[in-house]
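K.L.:
Output the structure for:
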Amino acid sequence: MYLSEPFTKWQACTDLILLALWKDEIFFVRGIRIIGKRGCVYKSQKFLCERWKWSRTKVLRFIDYLSDVNKIEL
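P.N.:
Numbers count the residues shown, from 1 in each chain. The predicted structure follows:
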């Protein structure tokens, strides 16, 4: 049920918290080794668009807004 409908802004913000790494971790993306840091989200815009059922521009505007109000750091 969580992913069945388009997300609200509150749900998207909460989802970013849930997607953040809870500890430093090494993982691979297309064969490239990534050293992930605690608290960071390593997801593509396309992934967020599909997960939240939003357009790419809406995702970009939301991420920009969170950055402008100092809730996230890009």
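K.L.:
my guess is residue 25 contacts residue 36, does it?
P.N.:
Yes. Residue 25 lies in contact with residue 36 (Cβ atoms under 8 Å); the separation is 4.6 Å. Glycine gets a C-beta too; all of them are placed from N, C-alpha and C.
K.L.:
Can you pull the residues that touch both of the two?
P.N.:
Common contacts of residue 25 and residue 36 (Cβ atoms under 8 Å, 6 or more residues apart in numbering): none found.
K.L.:
now the helices for the protein?
P.N.:
For the chain, the helices defined by DSSP state H occupy 9-19, 45-52, 56-68.
K.L.:
To residue 3, which of these lies closest?
P.N.:
Of all the helices of the chain, helix 45-52 sits nearest to residue 3, with 6.6 Å by Cβ to Cβ.
K.L.:
Alpha carbons of that closest one, in PDB - could you do that?
P.N.:
These are the backbone C-alpha positions of helix 45-52, laid out as PDB (Å, rounded to 0.1, in the frame of the first residue of the first chain):
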ATOM      1  CA  GLN A  45      16.200  10.800 -10.200                       C
ATOM      2  CA  LYS A  46      14.600   8.100 -12.400                       C
ATOM      3  CA  PHE A  47      14.300   5.800  -9.400                       C
ATOM      4  CA  LEU A  48      12.600   8.500  -7.300                       C
ATOM      5  CA  CYS A  49      10.300   9.400 -10.100                       C
ATOM      6  CA  GLU A  50       9.100   5.800 -10.500                       C
ATOM      7  CA  ARG A  51       8.900   5.200  -6.700                       C
ATOM      8  CA  TRP A  52       7.000   8.400  -5.900                       C
END
